[in-house]
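Participant: Here is my input; please provide its structure:
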Amino acid sequence: MSTAGILIIGNEILSGKVQDENLPYLLPQLRQLGVSVERVHVLPDVVELIADEVRTFSKAFTYVLTTGGVGPTHDDVTMEGVASAVGCALVPHPRMEELLRTALKGKPTNASQLKMCMLPEGAQLIETADLWFPLVRVGNVYIFPGIPRLLQKKFEGARDHFKGEPIFLRQIFVSCMETDVAQALNEVLVEFPELMLGSYPRLDQQGYHTLLTLESRDQAYVNRAVDALLARIPKTELLRVE
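Facilitator: Sure thing, here's the model as predicted:
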């Protein structure tokens, strides 16, 4: 099974000055690709903390995605943190510098721009046609920018790198309360122990009170589980099945 851990990096996120928009985008995208996100941490712009978390996540998960901290300013230290995590130096990347100079169209480079061309030694680039700054990959660590529009473009350009088994989802909407179906859920889990089963009260939603989700990488398995659960729910409480 393919797994992922996501590191959201930025003092502005922890302080509440900026609301993260990248996690709501990445979670469904990775799930659609069959990659299970197992952990998400939010970190400040501190090299040592970034290095520790990247090191831990890299060993624990198939893929590590970082967001933020790749710009030209003093607090953009994600590259340094990743380099420290894998035990290498930051070095000028010739192809990155070439892309920068092309983007500048003959204008002279400055130190802040060249800072973005300092990458962990051995880093690979995943280039996107309409962006000069490519996605940087170091081993199983993918270093994304924090700007949502750029992150989304880079993710689309790198989708083929994230491979997993499809997850099949079925949903059951009922008009009863969660407590009314709890016993039925427990019984179905005994019968289908590998099922990923969720129950979500939605008191603020019109039309239903509880959403039940059943998931599995085996489509036949999840369909049998749906049938078993439906047999335990009174038809008067059942609203729809998707």
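
Participant: So if we follow the domain assignment, how does this structure break up?
Facilitator: As given by automatic domain parsing, the domain ranges for the chain are 3-161, 168-241.

Participant: which residues in this structure form helices?
Facilitator: With DSSP state H, the ranges of helices along the chain come out as 11-14, 22-32, 47-60, 78-86, 94-104, 111-115, 148-158, 178-191, 219-230.

Participant: would you turn those into TSV with distance to Thr66?
Facilitator: C-beta here means a position set from N, CA and C on the backbone, and glycine is covered the same way. Shown next, in TSV, are the helices of the chain (distance: least, Cβ to Cβ, whole Å):
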stretch	distance to Thr66
helix 11-14	12
helix 22-32	10
helix 47-60	7
helix 78-86	6
helix 94-104	17
helix 111-115	17
helix 148-158	10
helix 178-191	35
helix 219-230	33
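
Participant: of all those helices, which lies closest to Thr210?
Facilitator: Closest of those to Thr210 is helix 178-191, at 4.9 Å (criterion: Cβ to Cβ).

Participant: sorry, back to before: comparing the domains of the chain, which comes out most buried?
Facilitator: domain 3-161 (a mean of 17; mean count of other Cβ atoms under 10 Å).

Participant: what is the rounded mean pLDDT of it?
Facilitator: On average, the pLDDT along domain 3-161 is 95.

Participant: and that domain, how far from the chain's centre?
Facilitator: 12 Å (Cα atoms, centre = their mean, to the nearest Å).

Participant: Ends of that domain, what's the gap?
Facilitator: 13 Å (Cα to Cα, to the nearest Å).

Participant: so Ile172 sits right up against Leu229, yeah?
Facilitator: Yes: counting by Cβ atoms under 8 Å, Ile172 does reach Leu229; the two are 6.6 Å apart.

Participant: Mind listing the shared neighbours of the two?
Facilitator: Leu212, Leu214 (Cβ atoms under 8 Å, 6 or more residues apart in numbering).

Participant: close enough to count as contact, Leu169 and Leu214?
Facilitator: Yes: using Cβ under 8 Å, Leu169 is in contact with Leu214, at 7.4 Å.

Participant: Can you pull the residues that touch both of the two?
Facilitator: Joint contacts of Leu169 and Leu214 (Cβ under 8 Å, 6+ apart) are Val222.

Participant: For Gly5, which of the helices of the chain is the nearest?
Facilitator: helix 47-60 (3.9 Å).

Participant: what inclination does the closest one have with respect to helix 78-86?
Facilitator: Relative orientation of helix 47-60 versus helix 78-86 (axes from the mean of the first three to the mean of the last three Cα atoms, to 10 degrees): 60 degrees.
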